[in-house]
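Enquirer: Starting from these lines, generate the structure:
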Amino acid sequence: MSHIIDRRKNDKGKSTGNRQKFLKRVENQIKRAIPDIMGQESITDSKTGGSVKVPVRGLDEPHFHHDPKTGKKYIVQPGNDRYSEGDRVPKPKSGSGSGKGKGSNSPEVTEDEFTVVLSREEFLKYFFDDLALPNMVKKLMESTESFSMRRAGYTRDSVPSRLNVKTSYQQSLGRQLALRGVFEKKLKTLEEQLAKTRKKAEREALELELEKVKRQANTIPFFEDIDLRYNNFERVPVPVTSAVMFCIMDVSASMGYHEKDIAKRFFTLLYLFLTRQYKNVELVFIRHHTEAKEVNEEEFFNSRESGGTVVAPSLKLMDRIRRERYDESWNVYCCQASDGDVWSKQDALECKNLVLETILPAVQYMAYIEISNKDRESDLWQAYKRISNDEDFSIRHVYEPYEIWPVFQGLFRKRSEVVS
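Expert: Prediction:
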């Protein structure tokens, strides 16, 4: 009898391979279910993870089986009073069984349902698989201009301040031992020759040579230039792994609960996307009505303070915070949400100039979503429309929850110049 013993060390992940194969098989169903998730419920636990349940249908495993309509079968029916041994029993017609289940001829449409529980990492993989942040690759390439010094062994030429005394001393000892061994061998040879020589002239020459070698052996220099070793440093590019996301939202009286909920979902999506791309992501919340103010997340979405709508001060506040807190090593992203109402056309034109001259040169990407179901274009939309280009500044309309995911895909869909 054979015994199979599993000695794999990763006892907690033995089914990882099977799980990946399974997810690969149903990934199309998972991707198709994502818009339904966005339209029906908001994403929670964006920082701590959690699980997302995705309905998946049609998971029947292919297998071989006997055709019930052909072949011979030998069975025992205990207690029958109709047949004797050797009698042939007619097969029942298809669908004429006495079971109560829904057969293949049932007029009702049935579906197999299965729920796949995804981890946060798996969910984000499928959630953002076909998306990419514009200019992200470009920024990472440009980040090679920022270097840090890293130890890279030793060198024989450098400034005295980088002298490595320990390594230099080791080199000196090695050289002294090597030279002393050579001199001792030579002294031994000369002494043997001197002992065998009887001629006076040859003995005097050997004695002079012997004295010279002894003097050389006793005067081996402790340090020479060849012994010195200096710490070597090389410049290596520092990858940019930090990003800051500015969330700007209008909280005037025209922005009700529905508009703020749409904005929150969109901000959450962008934040999740950034956390997948960058190791460290900071959030800055700026709310504005007649004045702009930096607040925390709770106050950003739930504060009851409201008023008129003046947008330009929020952009000025964002630029000031960026210059004071974040240097050029940070990837800066901005997302602005509003219903489009502004105090005047002059405010809209000032916003356009601020975005074009101040914001866009300093950020990687800016997105503006207008949460409105009005047919006419707002003054702010018309102003932004003149400078939007889908490369570093995109504008979109959204009003219903089910529209969030398509709009998000349109903003961040992979482009050829990003992946090339």
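Enquirer: ok, G181 - how many residues close by?
Expert: Neighbour count for G181, taken as other C-beta atoms under 10 Å: 10. C-beta coordinates here come from the backbone N, C-alpha and C atoms, glycine included.
Enquirer: try R322
Expert: As a burial measure, R322 scores 20 neighbours (other C-beta under 10 Å).
Enquirer: That one falls within a helix, correct?
Expert: Yes: assessed with DSSP: H, G, I helix; E, B strand; the rest coil, R322 lies in a helix.
Enquirer: burial measure for S394, as a count.
Expert: S394: 19 neighbours (other C-beta under 10 Å).
Enquirer: give the contact list for it.
Expert: Each residue near S394 by C-beta atoms under 8 Å, 6 or more residues apart in numbering is listed here: 365-368, 388, 410-411.
Enquirer: Tell me if it really is in a strand.
Expert: Yes: judged by three-state DSSP, S394 forms part of a strand.
Enquirer: Please tabulate the contacts of S394 in JSON lines, including the columns distance to G307 and secondary structure.
Expert: Shown next, in JSON lines, are the contacts of S394 (distance: C-beta to C-beta, whole Å; DSSP: H, G, I helix; E, B strand; the rest coil):
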{"residue": "Y365", "distance to G307": "29", "secondary structure": "strand"}
{"residue": "M366", "distance to G307": "25", "secondary structure": "strand"}
{"residue": "A367", "distance to G307": "25", "secondary structure": "strand"}
{"residue": "Y368", "distance to G307": "21", "secondary structure": "strand"}
{"residue": "S388", "distance to G307": "28", "secondary structure": "coil"}
{"residue": "G410", "distance to G307": "32", "secondary structure": "helix"}
{"residue": "L411", "distance to G307": "29", "secondary structure": "helix"}
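Enquirer: Quick one, which of those residues are buried?
Expert: 365-368, 388, 411 (16 or more other C-beta atoms under 10 Å).
Enquirer: Which stretches in the protein count as strands?
Expert: Ranges of strands within the chain are 51-56, 114-119, 147-155, 230-237, 242-250, 280-288, 292-295, 331-338, 365-371, 393-398, based on DSSP state E.
Enquirer: of all these, which lies closest to K316?
Expert: Set against K316 and scored by C-beta to C-beta, the strands of the chain come closest in strand 292-295, at 7.3 Å.
Enquirer: and the closest one, what other elements does it pack with?
Expert: Strand 292-295 sits against strand 280-288, helix 312-325, with contacts defined as 3 or more C-beta pairs under 8 Å, 6 or more residues apart in numbering; DSSP states H and E.
Enquirer: Where does pLDDT dip in the stretch 201-350 of the chain?
Expert: Counting by pLDDT under 70, the ranges of the stretch 201-350 of the chain that qualify are 238-241, 304-306.
Enquirer: again, only this time at 90
Expert: Along the stretch 201-350 of the chain, the parts satisfying pLDDT under 90 run over 201-226, 233-245, 250-283, 288-293, 295-311, 325-333, 338-345, 347-348.
Enquirer: Could you dump the strands of the chain into TSV and include distance to E184?
Expert: TSV is the format used below for the strands of the chain (distance: least, C-beta to C-beta, whole Å):
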stretch	distance to E184
strand 51-56	76
strand 114-119	70
strand 147-155	30
strand 230-237	32
strand 242-250	62
strand 280-288	62
strand 292-295	78
strand 331-338	66
strand 365-371	74
strand 393-398	80
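Enquirer: All set, thanks.
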